[in-house]
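Asker: One predicted model, sequence on top.
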Amino acid sequence: MTLVYQSTRNEKNKVTASQAILQGLATDGGLFTPVDFPDVNLDFDRLKSASYQEVAKLVLSAFLDDFTEEELDFCIDNAYDAKFDTPVIAPLVKLGDQYHLELFHGSTIAFKDMALSILPYLLTTAAKKQGVDDKIVILTATSGDTGKAAMAGFADVAGTEIIVFYPNGGVSKIQELQMTTQVGDNTHVVAIEGNFDDAQTKVKEMFNDESLRQKLAAKGAQFSSANSMNIGRLVPQIVYYIYAYAQLLNDGQLEKGEKINITVPTGNFGNILAAYYAKQIGLPVHKLICASNENNVLTDFFATGFYDKKRRFKVTSSPSMDILVSSNLERLIFHLVGNDSAKTRELMTALVDKGEYQLSAVNPDILDFFEAGFATEGETSAEIKRLYDDLSYIEDPHTAVASAVYRAYRDRTGDQTKTIIASTASPYKFPRVAVEAVKGKDSGDDFAAVQELHDLSGVAIPKAVKGLETAPIRHRKVVEVAAMQKAVESYLDV
């Protein structure tokens with residue numbers, strides 16, 4: 001029986017995987033979510049020697065079950081190829097008593113490559129399956145990494161257009177240049193005078209604007225999403241958690257069936273939700289540890305069940321986590337309230353209207369899998385320095401948040417369960433932060449810091465950074481939040 005994806009806000013809005021990927025966001029404002037999870041044979045005796053591509057085939061076949069084997073082979077083979085700088089795709093590095101799952105070996109040196117390398121193929125394949133000839137317009141907000149990874153994936157892909165909004169001054173210089181120098185006739189990048197939450201809220205409004213949808217249809221176009229609101233972005237992220245466990249078994253670091261903890265630096269909640277979905281299909285998980293920076297709305301939520309976005313937005317050294325409205329949390333809320341779409345819609349409406357909601361009568365078995373904590377700016381910097389001093393390894397600030405939160409959790413609880421840290425970006429994306437943490441002084445310039453980072457770490461400067469300083473700027477548009485839709489209409493001539 002084909003797996004059903006249902007909107008979190010309307011129990012009657014049910015679609016197949018390919019339909020969910022094509023739409024991106026449900027027209028009722030909800031997120032397409034599995035109501036039941038597929039049966040997946042996680043035979044780790046076999047998987048421990050499997051390639052990343054083979055693990056991807058197993059997982060995607062189960063979750064995207066209206067794709068044929070040939071279609072999935074095409075998508076996987078084109079996604080996980082030489083654009084990654086290691087055939088392992090997602091290597092594990094043992095650092096003391098924790099294991100860093102390096103998810104930054106793709107073409108834009110961030111974990112978003114793991115899913116955004118395959119999403120363009122899934123999306124264009126889904127369009128063909130559904131007989132859709134419309135141009136697919138990828139409309140997305142980014143807190144720094146999704147934008148570049150999405151544009152790299154969709155650049156000059158026939159039948160697509162991509163428009164990315166990012167917070168002006170709210171990303172690192174490297175992140176910004178990666179976006180503003182992006183080539184491709186179908187790529188558009190716009191800075192907004194606001195933060196990520198402003199951009200994401202406006203993007204959601206455009207998705208739900210019926211008159212705009214009709215204007216697009218008249219031009220033979222339709223919106224889809226490249227961020228983790230799209231189930232086609234989320235499902236491929238399940239793969240690397242299964243793969244990491246298999247690697248630990250293969251390396252003799254685990255006994256078969258032994259449970260692990262997974263700590264994830266968390267902003268929009270998609271990456272840790274993928275870990276929860278991995279657990280739902282049989283990955284032996286003890287705890288999922290949700291790590292936040294000083295925008296610690298999720299830490300408070302898991303402690304109290306109260307979600308309150310009415311707080312000061314902080315610009316931190318881990319900008320991809322500078323988020324106060326975690327869109328993917330809606331999927332977990334849906335599961336926590338027993339897959340009740342009416343209740344989920346009520347809570348999400350309260351978040352928009354009042355800026356808050358209170359959970360009650362939730363499934364404790366789900367909630368008990370999650371722990372949460374946050375790291376201050378000082379703790380983040382100290383963790384980067386600690387790991388460098390102890391092991392000559394340099395983390396990016398997001399990974400350092402996760403590492404600091406995990407250490408605090410372990411010290412508080414005494415939990416000695418072996419733990420994977422999701423290492424979500426290369427330190428070369430945030431060279432000034434990394435170098436300042438190690439040396440105690442600011443380099444003053446991102447590209448001087450790149451060279452210093454190379455000298456400190458001995459890690460080769462990635463292709464994604466080489467030449468970036470002198471690459472021509474192609475995207476210079478800056479708009480107020482209220483003018484975002486006007487920019488979209490201008491690009492699409494509607």
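Answerer: That came through, no problem. Numbers count the residues shown, from 1 in each chain.

Asker: Remind me which helix or strand residue 138 belongs to.
Answerer: Using DSSP states H and E, residue 138 falls within strand 135-141.

Asker: And for the very next helix or strand once past that strand, what's in contact with it?
Answerer: Following strand 135-141 in sequence order, the next helix or strand is helix 146-154 (DSSP H and E). By C-beta atoms under 8 Å, 6 or more residues apart in numbering, the residues outside helix 146-154 that reach it are 106-108, 110, 112-113, 116-117, 119-120, 138, 140, 142, 160, 162, 164-166, 175, 178-179, 182, 184, 186-187, 189, 226-227. C-betas here are computed from N, CA, C, even on glycine.

Asker: Name the strands paired with the strand holding residue 138 and say parallel or antiparallel.
Answerer: strand 160-167 (parallel), strand 221-224 (parallel) (DSSP bridges).

Asker: What's the mean pLDDT across that strand?
Answerer: Strand 135-141 carries an average pLDDT of 95.

Asker: by how many degrees do that strand and helix 146-154 diverge?
Answerer: Going by axes from the mean of the first three to the mean of the last three C-alpha atoms, to 10 degrees, strand 135-141 is angled at 160 degrees with respect to helix 146-154.

Asker: Check what contacts strand 135-141 and list those residues.
Answerer: By C-beta under 8 Å, 6+ apart, the residues outside strand 135-141 that reach it are 22, 123-124, 127, 146-147, 150, 154, 159-166, 196, 199-200, 202-203, 206-207, 216, 219-227, 488, 492.

Asker: circling back: and of the strands paired with strand 135-141, who's closest to residue 433?
Answerer: strand 160-167 (17.1 Å; C-beta to C-beta).

Asker: Find the nearest non-adjacent residue to whatever residue is furthest in space from the centre of the chain, please.
Answerer: The outermost residue of the chain relative to its centre, with distances by C-alpha atoms, centre = their mean, is residue 218 at 32.3 Å. Once flanking residues are discounted, residue 218 sits nearest to residue 494: 7.5 Å by C-beta to C-beta, 6 or more residues apart in numbering.

Asker: Same check on residue 91?
Answerer: Closest residue to residue 91 apart from its sequence neighbours, by C-beta to C-beta, 6+ apart: residue 102 at 5.2 Å.

Asker: Quick check on the one you found: phi, psi?
Answerer: The phi/psi pair for residue 102 (degrees, to the nearest 10) reads phi -80, psi 110.

Asker: my read: it touches residue 95, true?
Answerer: No - if you go by C-beta atoms under 8 Å, residue 102 and residue 95 don't touch, sitting 10.7 Å apart.

Asker: of the two, who's got more company?
Answerer: Per other C-beta atoms under 10 Å, whichever of residue 102 and residue 95 has more neighbours is residue 102, with 23 against 16.

Asker: which residues in the stretch 351-494 of the chain form helices?
Answerer: 364-367, 377-391, 397-413, 431-439, 446-457, 484-492 (DSSP state H, counting those that start in this stretch).

Asker: Now do the same contact list for residue 347.
Answerer: Taking C-beta under 8 Å, 6+ apart as the test, what residue 347 contacts is 333, 337, 357, 359.

Asker: Local confidence estimate at the first one?
Answerer: Per-residue pLDDT puts residue 333 at 97.

Asker: swap in residue 145?
Answerer: Listed pLDDT for residue 145 reads 87.

Asker: cool, and residue 132?
Answerer: On the pLDDT scale, residue 132 is placed at 92.

Asker: Quick check, it in contact with residue 222.
Answerer: Yes - the pair residue 132 / residue 222 is scored as a contact, 7.4 Å apart, by C-beta under 8 Å.

Asker: Give me the distance between the closest residue to residue 250 other than its chain neighbours and residue 221.
Answerer: Leaving out its chain neighbours, the residue that sits closest to residue 250 by C-beta to C-beta, 6+ apart is residue 48, at 4.0 Å. Distance of residue 48 to residue 221, given as C-beta to C-beta, to the nearest Å: 45 Å.

Asker: before we move on, the earlier item: of the strands paired with strand 135-141, which approaches residue 256 most closely?
Answerer: strand 221-224 (39.9 Å).

Asker: Wait, a strand at residue 279?
Answerer: No - checked against DSSP: H, G, I helix; E, B strand; the rest coil, residue 279 lies outside a strand; its state is helix.

Asker: is it true that it touches residue 370?
Answerer: No - if you go by C-beta under 8 Å, residue 279 and residue 370 don't touch, sitting 10.6 Å apart.

Asker: Which neighbours do these two have in common?
Answerer: Common neighbours of residue 279 and residue 370 (criterion: C-beta under 8 Å, 6+ apart): residue 288.

Asker: okay, now the residue nearest to residue 218: neighbour count?
Answerer: Residue 494, neighbours per other C-beta under 10 Å, totals 15.

Asker: Need the pLDDT of it.
Answerer: Note on residue 494: pLDDT of 93.

Asker: how far away is it from residue 480?
Answerer: 20 Å.

Asker: where exactly do the strands run in the stretch 251-400 of the chain?
Answerer: Remark: strands assigned in the stretch 251-400 of the chain by DSSP state E, counting those that start in this stretch are 260-265, 285-292, 306-308, 356-358, 370-374.

Asker: Now the fourth one: buried residues?
Answerer: It refers to strand 356-358. residue 357 (16 or more other C-beta atoms under 10 Å).

Asker: Alpha carbons of the longest helix along the chain, as PDB, please.
Answerer: Secondary structure of the chain per DSSP state H: the longest helix is helix 231-250. Extracted in PDB, the C-alpha atoms of helix 231-250 (Å, rounded to 0.1, in the frame of the first residue of the first chain):
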ATOM      1  CA  ILE A 231       9.300  16.300   2.700                       C
ATOM      2  CA  GLY A 232      11.600  15.700  -0.200                       C
ATOM      3  CA  ARG A 233      14.300  17.700   1.800                       C
ATOM      4  CA  LEU A 234      13.500  15.900   5.000                       C
ATOM      5  CA  VAL A 235      13.500  12.300   4.000                       C
ATOM      6  CA  PRO A 236      17.000  12.200   2.500                       C
ATOM      7  CA  GLN A 237      18.300  13.500   5.900                       C
ATOM      8  CA  ILE A 238      17.100  10.300   7.600                       C
ATOM      9  CA  VAL A 239      19.700   8.400   5.500                       C
ATOM     10  CA  TYR A 240      22.900   9.700   7.200                       C
ATOM     11  CA  TYR A 241      21.800   8.700  10.700                       C
ATOM     12  CA  ILE A 242      21.200   5.100   9.600                       C
ATOM     13  CA  TYR A 243      24.500   5.200   7.700                       C
ATOM     14  CA  ALA A 244      26.400   6.600  10.700                       C
ATOM     15  CA  TYR A 245      25.100   3.800  13.000                       C
ATOM     16  CA  ALA A 246      26.200   1.300  10.400                       C
ATOM     17  CA  GLN A 247      29.700   2.900  10.300                       C
ATOM     18  CA  LEU A 248      30.000   2.600  14.000                       C
ATOM     19  CA  LEU A 249      29.200  -1.100  13.900                       C
ATOM     20  CA  ASN A 250      31.600  -1.700  11.000                       C
END
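
Asker: what does the average pLDDT come to for that helix?
Answerer: Mean pLDDT, computed over helix 231-250, is 98.

Asker: How about it, which residues are buried there?
Answerer: Across helix 231-250, burial judged by 16+ other C-beta under 10 Å covers 231-249.

Asker: and the nearest residue to residue 147 once chain neighbours are set aside, what is it in contact with?
Answerer: Excluding the flanking residues, the one nearest residue 147 by C-beta to C-beta, 6+ apart is residue 164, at 3.9 Å. By C-beta under 8 Å, 6+ apart, the contact list for residue 164 reads 140-142, 146-147, 150-151, 179, 187-190.
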